[in-house]
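Participant: Sharing a sequence plus its predicted fold:
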Amino acid sequence: MKKSIFRKITLIILLVVLLFDAALLAVSYRLAYNRSYNACVNRAENAANMMVDLMEFVVQSSVISTDAISTSMTLYCEHLDLPYIYAFEVDKQSSSIKYIAIGFGKEATQKGRDTLAPGYVEHLKLSEELLDVYEKRADHAVQHVKNSYGDTLIYYLGIWKRYDKESGKLIDVDENPVVIGVDVSLSSVMEELRSSFNIMTVLLVGLSVSIVLAVAVILYRKISRPARMISHRMSRFVEDYERGIQPLPVKGEDEFAEMSRSFNTMAENIHTYVDSIQKLNHEKATRQAELDIAGDIQLGLLGKPHQERDYVRIDARMHPARDVGGDLYDYQILEDGRVFLAVADVSGKGITAALFMSRAVTLLHLYAKMGYSPAEILKQYNDTLSENNPGGLFITTFVAVYDPKTQELTYSNGGHNIPYVLSDELTQLDGARCMAAGLFPGEDYEETVVRLKKGDVVFLYTDGVNEAVSADGKLYTNERLEEKLSKCLGADEASPLEEIASDLHQYTEGAEQSDDITMLTLKVLDIPADADPKETVLLLPADAKELPKVKDAILALPVDEDMQKKLYLVAEEMFINVCAYAYEQGGEVEVRIALKDTAELTFTDSGRPFDPSKDVVELDEYDYDKAVGGLGRFLTFTLADDYRYEYKDGKNVLWLSFQL
């Protein structure tokens, strides 16, 4: 169990928690901002209404002087903590306002005190909010401005009545009203709000980090430590058996507790079987009993020969050449709906190979349940098998995971026979070929992704199939296997497994079986309604021979033929460009094919820095006589609707987009 895995899990949890904190803080800040904003508006509205009550009796009259009104406004400003309250007339033709009276609060700027005064005319662009009040389209209006007087909220309220000296009453004003303006400073309010939220952010992030660390400790104790114990005991099973196997402690009802119970049950059963065998007097009977028991255990470790779900059907068959064998197959329908597949072949025969096989299938089953990718499964599997392998055995293994939601089959091949996919045509899964497991710890494994569609069949097998021998000593061969599989293309009912098994039986009739025969097929019955086959990632050697894999991935896209041709033309040019110029002694290139609102191609390599979008030769500059230049790059960036290049973290990243 690698610590780095749990470090990644912890970082992912931390990222999710921090994102949640960010969203929570953003929503809270917005609500608090709106509350503060509305409070400022209400304060300005109250002040404006009080000014209207005062001004209705004095506008166009001599009851109170403008200086007295300004003094009252100043008192209101200081009492209500406002920077400015003012009354003014609007001249729409000259786009100006004339101040009748104005009061200053503590937050009024020196410029405002020096400039603004009764009778002062200010030319400015009349805002829509002011015109709405002036032209009586609205009773009031609020305007948020940032100017030389500060970050201010302005509340406008028109005075549509005036005091008539002759009648001694308030009469309506039809036009050109006096307007009351009340300014509220937002700077101090928002500064206090931001200060409070900074403190809240620090506290919330600190609490979140503490919680994540606590969760990480729990994960380590509940997952990492039990898994290490089980793996260690499994790797030393043979040695511990000789000294007496001590049962693994079982705590709780989780998956690790179930694995511990299974290990204890297996150890108890083996101990019981061996004790029974030792009581047999005849050596031949004893040996046969061992073989029978081992064969039962071996078959019991394998999955059912047939299983069908809504979206896939799995068929498997294993015929050992002796009572026990070194072949294995394994499959699982994982909790998230993905399907795990594996076929393997131990280098030896008989009991030794069967024991090695039993250990191998248990490890495969364990690592699949833990959600590892195919490459990660083979790496951990190889390291564990290599730790204690006194017989020097090795095992070829093919591992794949099919995700019905994305229709992608991700696979890694540890020295095993190349499987086939039966689709519109017969193709080989010949990518990600790496070292067989069990010999050298620390090996790295690659993986490759292909997309399947409804009706496709994946055919896995061991070399007991293509190397089966007829009565006259001739091999079955890959050519015959491919011929028979090709005849199964498009078959709705008949399984390729049954067809090949029948043909093998006829071919080898009268001959002794020389090797274990194992086959496993996965057929895609349907595509889930929530399937999302929108992205394919290919990690390929920077070699032009890998180009057909890029082509297959593009041809599998659900787009029209013209778009497929355009995408492949661009992909071919850019892939060959990387292969030719990026590396001096070989490397890798990641090709990412995505369907969103547009079709996107992304090429990533670790070669020398090079921007293919720069210095592209124009069509009228191309030397047709010498046929030398960058015409391919010109065509690429002409076909693409958008593109972007960057050199980041030691990698060239070229992104191209195409309108669908």
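Facilitator: Thanks, I have it.
Participant: any idea whether the residue nearest to residue 573 when sequence neighbours are not counted is helix, strand or coil?
Facilitator: The spatial neighbour of residue 573 that comes closest, neighbours along the chain excluded (CB to CB, 6 or more residues apart in numbering), is residue 632 at 4.5 Å. C-beta: built from backbone N, CA, C; applies to glycine. Put simply, residue 632 is helix when judged by DSSP: H, G, I helix; E, B strand; the rest coil.
Participant: The lengthiest helix in the chain packs against which elements?
Facilitator: When the chain is parsed with DSSP state H, its longest helix is helix 3-55. Here helix 3-55 touches helix 66-80, strand 84-91, strand 140-147, strand 150-159, strand 178-185, helix 187-219, going by 3 or more CB pairs under 8 Å, 6 or more residues apart in numbering; DSSP states H and E.
Participant: Now do the fifth one and strand 140-147, the angle between them.
Facilitator: Between strand 178-185 and strand 140-147, the angle comes out at 50 degrees (axes from the mean of the first three to the mean of the last three CA atoms, to 10 degrees).
Participant: which outside residues touch strand 178-185?
Facilitator: With contacts defined as CB atoms under 8 Å, 6 or more residues apart in numbering, strand 178-185 is touched by 40-41, 43-45, 47-48, 51-52, 55, 59, 82-90, 97, 100, 107, 130, 133-134, 149-159.
Participant: Emit the ChimeraX select command for whichever of those residues are buried.
Facilitator: Entered in ChimeraX, the line below selects the buried ones among the contacts of strand 178-185, by 16 or more other CB atoms under 10 Å:
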select :40,41,43,44,45,47,48,51,52,55,59,82,83,84,85,86,87,88,89,90,97,100,107,130,133,134,149,150,152,153,154,155,156,157,158,159
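Participant: quick one, helices of the stretch 301-450 of the chain?
Facilitator: Under the criterion DSSP state H, counting those that start in this stretch, the stretch 301-450 of the chain contains helices at 350-369, 374-387.
Participant: Quick one, which of these gets closest to residue 464.
Facilitator: Residue 464 lies closest to helix 350-369 among the helices of the stretch 301-450 of the chain, at 12.5 Å (CB to CB).
Participant: quick revisit: hey, which of the helices and strands packed on helix 3-55 is tucked in deepest?
Facilitator: strand 178-185 (a mean of 25; mean count of other CB atoms under 10 Å).
Participant: follow-up on the earlier one: so for residue 120, which of the helices of the stretch 301-450 of the chain sits nearest?
Facilitator: Of all the helices of the stretch 301-450 of the chain, helix 374-387 comes closest under CB to CB, at 76.5 Å.
Participant: quick one on the thing from earlier: neighbours around the residue nearest to residue 573, how many?
Facilitator: Each residue near residue 632 was counted by other CB atoms under 10 Å, and the total is 17.
Participant: isn't it right up against residue 575?
Facilitator: No: counting by CB atoms under 8 Å, residue 575 is not a contact partner of residue 632; they are 11.3 Å apart.
Participant: Can you say which helix or strand has the closest residue to residue 424 other than its chain neighbours in it?
Facilitator: Among residues not flanking residue 424 along the chain, residue 489 sits closest, at 7.6 Å (CB to CB, 6+ apart). In the assignment (DSSP states H and E), residue 489 maps to no helix and no strand.
Participant: Model confidence score at residue 489, please.
Facilitator: Among the per-residue scores, residue 489 shows a pLDDT of 88.
Participant: Likewise for residue 198?
Facilitator: pLDDT for residue 198: 83.
Participant: and the gap between it and residue 205?
Facilitator: Taking CB to CB, to the nearest Å as the measure, residue 198 falls 11 Å from residue 205.
Participant: can you check residue 161 too?
Facilitator: Relative to residue 205, and taking CB to CB, residue 161 is found at 56 Å.
Participant: need the contact list for residue 46.
Facilitator: Counting by CB under 8 Å, 6+ apart, residue 46 touches residue 80.
Participant: Return the residues in contact with residue 460.
Facilitator: 329, 341, 343, 398, 400, 419, 519, 520, 521.
Participant: In JSON lines, list those along with distance to residue 443.
Facilitator: What follows is the contacts of residue 460, written out as JSON lines (distance: CB to CB, whole Å):
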{"residue": "329", "distance to residue 443": "22"}
{"residue": "341", "distance to residue 443": "21"}
{"residue": "343", "distance to residue 443": "19"}
{"residue": "398", "distance to residue 443": "15"}
{"residue": "400", "distance to residue 443": "19"}
{"residue": "419", "distance to residue 443": "21"}
{"residue": "519", "distance to residue 443": "27"}
{"residue": "520", "distance to residue 443": "24"}
{"residue": "521", "distance to residue 443": "28"}
